[in-house]
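Peer 1: attaching a predicted model along with its sequence, questions to come.
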Amino acid sequence: MLYIVILTPNCNSNCWYCGGFEKGMMPEKIQYSVEDLANFVGKSSIAFYGGEPLLEIDKMKEIMDRIPAERFILQTNGILLDKVEKEYLGRFSTILVSFDGRRNVHNFYRGNYEKVLENARTLRSFDGELIARMTASLETDIYEDVLHILSLKVFTHVHWQIDAVWSHYSVTEFERWVEKYNAGIRKLVKFWIGEMIRGRIHNIVPFMGVATAFFQGYSYPPCASGFRSFAISTDGRILACPICPDLEWNRLGDIYSGIKKKVEILDPCPSCRYFQFCGARCLFFNRERLWGDRGFRLVCSTVKNLVDSLLAYKEVIAKYRERLKYPPYLNTTEIIP
């Protein structure tokens, strides 16, 4: 089991595509005691999340010192990584750093390219997963930006999520970009397979996760939100997914009384032939059709393109099946962009 602990909804960045948590969705700091948290999570894995969780470093350290979690995971924008002592950094199994690719792309959306890269480079001796977690949006060339991250030889893995549904642009603009994105995915898959045949396996998370699904399949979203992964807001509410604490279906209980209800995946996903490969992609996307049917189909087209591009090489992938298994444990990666 994975519990995503939201340390604060506040953030020290102002990314182009992120609206963050609206004021009043939850308190700015944790209101419950660490003892109450410990009693609820037991020895499950804990992921620290925000906002920007490193704005609450002292609370994070207190939790790490007092709860014997199976694993600790951190999802951060990387700006404050140099403020965390090596003793604590070394206790993480996975650190995900927001990093959007080439310098001009990252700075367009987030800024602080050099600072974040410098902080990531100081973790070269880190024994766990150091994941570059991209957001792919209109300025992104998925092929060029992923290859740039691989060329840095800093991160152990590359992962990305598509900027869709909550975006600042229209469905029409997204549709034009999707054509380029899908072509870039096909090109990137060819590169990945070619490198694999030459004996070099690059840890591109969406590719590895879908390749894993070829042999074991998904029955719910690969991130496991609402099934094996739950978020805890700063006031102790239990959420299926950390991104939408205001939605009724997403609120499942609290740390004092436990999980009181379940979520379900809605049609048309369970009856789709791609469901075994994507598990409905994302619980929020499955339930909240903010872009209507047209937008829903467009985002689904990116999933189908990803799956089909990899299925074309299933025989090659099968030879490296054990090496490609991902994730080895729940680590907040959504797998499907």
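Peer 2: Structure's in. What do you need?

Peer 1: is it true that Tyr218 touches Cys278?
Peer 2: Yes. Counting by Cβ atoms under 8 Å, Tyr218 touches Cys278, with 6.7 Å between them. Where you see a C-beta, it was placed from the backbone N, CA and C, and this is true even at glycine.

Peer 1: which of those two has more neighbours?
Peer 2: Cys278 (23 against 20; other Cβ atoms under 10 Å).

Peer 1: tell me the buried residues in stretch 131-139?
Peer 2: The neighbour-count check on stretch 131-139 (16 or more other Cβ atoms under 10 Å) flags 131-139 as buried.

Peer 1: cool, stretch 309-323 as well?
Peer 2: Residues 309-310, 313, 317 are the ones in stretch 309-323 that count as buried (16+ other Cβ under 10 Å).

Peer 1: just give me how far it sits from the chain centre.
Peer 2: Centroid displacement of stretch 309-323 relative to its chain, using Cα atoms, centre = their mean, to the nearest Å, is 23 Å.

Peer 1: all helices for the stretch 51-200 of the chain, in order.
Peer 2: 57-66, 86-89, 103-109, 113-121, 142-152, 171-197 (DSSP state H, counting those that start in this stretch).

Peer 1: just give me the closest of the buried residues of stretch 309-323 to Val158.
Peer 2: Comparing the buried residues of stretch 309-323 against Val158 with Cβ to Cβ places Leu310 closest, at 15.5 Å.

Peer 1: pretty sure the closest one sits against Ala211.
Peer 2: Yes. Because the distance of 6.1 Å satisfies Cβ under 8 Å, Leu310 is recorded as touching Ala211.

Peer 1: so what sits against both of the two?
Peer 2: Taking Cβ atoms under 8 Å, 6 or more residues apart in numbering as the criterion, Leu310 and Ala211 both touch Ile317.

Peer 1: for Tyr181, give me its contacts.
Peer 2: The neighbours of Tyr181, taking Cβ under 8 Å, 6+ apart as the test, are 136, 140, 142, 162, 302.

Peer 1: per-residue pLDDT, the second one?
Peer 2: The pLDDT attached to Thr140 in the predicted structure is 98.

Peer 1: neighbours around it, how many?
Peer 2: 25.

Peer 1: now Phe40, nearest residue through space, not along the chain?
Peer 2: Ile255 (4.1 Å; Cβ to Cβ, 6 or more residues apart in numbering).

Peer 1: what does that neighbour show for phi and psi?
Peer 2: Main-chain dihedrals, Ile255, degrees, to the nearest 10: phi -70, psi -10.

Peer 1: can you count the residues close to it?
Peer 2: Neighbourhood size, Ile255 [other Cβ under 10 Å]: 22.

Peer 1: ok, it to Val41 distance?
Peer 2: Distance of Ile255 to Val41, given as Cβ to Cβ, to the nearest Å: 8 Å.

Peer 1: farthest residue from the center of the chain?
Peer 2: Arg198 (29.0 Å; Cα atoms, centre = their mean).
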